[in-house]
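Colleague: mind looking at a prediction? Sequence and model below.
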Amino acid sequence: MAKNSANGDHQTTTKPPPTPSPLRFSKFFQPNMRILVTGGAGFIGSHLVDKLMENEKNEVIVVDNFFTGSKDNLKKWIGHPRFELRRHDVTEPLLVEVDKIYHLACPASPIFYKYNAVKTIKTNVIGTLNMLGLAKRVGARILLTSTSEVYGDPLVHPQPESYWGNVNPIGVRSCYDEGKRVAETLMFDYHRQHGIEIRIARIFNTYGPRMNIDDGRVVSNFIAQSLRDEPLTVQAPGTQTRSFCYVSDMVDGLIRLMEGDNTGPINIGNPGEFTMIELAELVKELISPKVEIKMVENTPDDPRQRKPDITKAKELLGWEPKVKLRDGLPLMEEDFRLRLGVSKKI
Ligand SMILES: NC(=O)c1ccc[n+]([C@@H]2O[C@H](COP(=O)([O-])OP(=O)(O)OC[C@H]3O[C@@H](n4cnc5c(N)ncnc54)[C@H](O)[C@@H]3O)[C@@H](O)[C@H]2O)c1
Ligand SMILES: O=c1ccn([C@@H]2O[C@H](COP(=O)(O)OP(=O)(O)O[C@H]3OC[C@@H](O)[C@H](O)[C@H]3O)[C@@H](O)[C@H]2O)c(=O)[nH]1
């Protein structure tokens, strides 16, 4: 009931609250997206950041511990108002308000992931748990960059996503391949148990500009060796195969997967398959016809063949790679020449 007050006759009815400032709801009307990229200072991560930053509605936050990545890869974005770079190790918890998480943090080159195997498995397991915890807390969608290495030394060829793999659980590569397998399990458990929106990409060998010169992976090794006039080191027997995807195709596939409706896992890779001898011969032909090819000892558990079945990526994401190895290698050569200071002989 209304009461008269000593100061006059006005009523003390419960008025509706004032209309909130339109800014209060602006988040719901702005299509702005805050996107976290873990491992964004690395090879694939930095190309992904470049693509995400092209969209003016995206704000990008990179976290990286700079184990194999570098600030140099992101130098054009440092200081940009929509970009933030934080030194952070994903094995430690993180709290940031984001809408999407691309979780790439993990060394990818065998020499680096074997260097501190315990740290690699911690990165894959604890790092992924931390990022899933973050996704759960802030309601973000999370994409994991898994790997073709989950198929181990595959007995099915080419590899469809339905193949469970042939992995040595106690070998020197296990910190990485079993680590990624657990990371995939965690993604699905959080999805089933907590309703987290997940996406899993199984990435096959990817190459392109910005790979570390001494990264140790085969394409970067062969290009660096050819430019330094050193023999191309083919690891025996040289008949093992890989399928190489150019990095711009990879980034396109990852973004399509994140934006689409399918959890995956989905293979993202280029089905063109090459033996390591064929790759060395192609590098020789395109970059340095006089370079020698030398057979050297291999490392344990090296997968003998690998080629993605990309039927799912084609059907569900409308994605397929565009850049052939023969066209991608010269683009990488250009970048390596600049960084090594070796100009092209005319
Ligand atoms: N490049 C490929 O051929 C390939 C193939 C399959 C899967 N992948 C996956 O894609 C992702 C990116 O690979 P890449 O080739 O760009 O490798 P990369 O080594 O260039 O990048 C990895 C990045 O993660 C960072 N990082 C590593 N451990 C971290 C930690 N504990 N905390 C925070 N940051 C950490 C590194 O400093 C680096 O910047 C990885 O998850 C890798 O497993 C890559
Ligand atoms: O100098 C070299 C380096 C490597 N190789 C051979 O090239 C092949 C590819 O080796 P890489 O080290 O480039 O990469 P791998 O295919 O073994 O592993 C990669 O797989 C997919 C991702 O998850 C990772 O990027 C990485 O683990 C292997 O058969 C290896 O024996 C050479 O012949 N010479």
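Modeller: Looks like it came in fine. Numbers count the residues shown, from 1 in each chain. Ligands and ions are numbered 1, 2, ... in the order given.
Colleague: point out where the chain drops to low pLDDT.
Modeller: For the chain, residues meeting the criterion pLDDT under 70 lie at 1-31, 346.
Colleague: list the contacts of the residue nearest in space to the middle of it.
Modeller: Central residue check for the chain by Cα atoms, centre = their mean: the C-alpha nearest the mean position is that of residue 104, 4.2 Å away. With contacts taken as Cβ atoms under 8 Å, 6 or more residues apart in numbering, residue 104 has the following neighbours: 37-40, 42, 44-45, 48, 145. Just so you know, the C-beta spots here come from the backbone N, C-alpha and C atoms, and that holds for glycine as well.
Colleague: if we use 7 Å, what do you get?
Modeller: With contacts defined as Cβ atoms under 7 Å, 6 or more residues apart in numbering, residue 104 is in contact with 37-40, 42, 44-45, 145.
Colleague: swap in residue 171?
Modeller: Listed by Cβ under 7 Å, 6+ apart, the contact partners of residue 171 are 300-301.
Colleague: who in this structure is up against ligand 2?
Modeller: Neighbours of ligand 2 within the chain, by Cβ under 6 Å from any ligand atom: 108, 110, 147-149, 205, 217-218, 221, 233-235, 240, 242, 276, 298, 302.
Colleague: one more time with 8 Å
Modeller: Listed as neighbours of ligand 2 in the chain under the rule Cβ under 8 Å from any ligand atom: 108-111, 113, 147-149, 173, 176-177, 180, 203-206, 216-222, 225, 232-235, 238, 240, 242, 276, 279-280, 296, 298-299, 302-303, 306.
Colleague: ok, so of the contacts of residue 104, who is nearest residue 88?
Modeller: Distance ranking of these against residue 88, using Cβ to Cβ, places residue 38 first at 8.4 Å.
Colleague: ok, now how distant is the closest one from residue 297?
Modeller: Residue 38 sits 34 Å away from residue 297, taking Cβ to Cβ, to the nearest Å as the criterion.
Colleague: between these two, which one's more packed in?
Modeller: Counted by other Cβ atoms under 10 Å, residue 38 and residue 297 do not tie: residue 38 has more neighbours, with 31 against 7.
Colleague: tell me the bridge partners for that one.
Modeller: Counting by DSSP bridges, residue 38 forms beta bridges with residue 63, residue 103.
Colleague: start the count at 37 instead of 1 going forward.
Modeller: Right, with 37 as the first residue, what we last looked at is residue 74.
Colleague: residue contacts, it?
Modeller: If you count contacts by Cβ under 7 Å, 6+ apart, residue 74 has them with 99, 126, 139-141, 167.
Colleague: and with 6 Å instead?
Modeller: In this structure, residue 74 makes contact with 99, 126, 139-141, judged by Cβ atoms under 6 Å, 6 or more residues apart in numbering.
Colleague: out of these, which touch ligand 1?
Modeller: Filtering the contacts of residue 74 for proximity to ligand 1 (criterion: Cβ under 8 Å from any ligand atom) leaves 99, 126, 139-141.
Colleague: out of those, which is most surrounded?
Modeller: Across the ones next to ligand 1 among the contacts of residue 74, the neighbour count under other Cβ under 10 Å reaches its highest value at residue 141, namely 30 neighbours.
Colleague: my read: it touches residue 76, true?
Modeller: No - no contact is recorded between residue 141 and residue 76 when judged using Cβ atoms under 6 Å, the distance being 8.4 Å.
Colleague: so residue 95 is in which element?
Modeller: Secondary structure assigned from DSSP states H and E places residue 95 in strand 94-100.
Colleague: my bad, should have said residue 215
Modeller: Using DSSP H and E, the element containing residue 215 is helix 210-230.
Colleague: helix or strand: which one has residue 261?
Modeller: Taking DSSP H and E as the definition, residue 261 sits inside helix 254-263.
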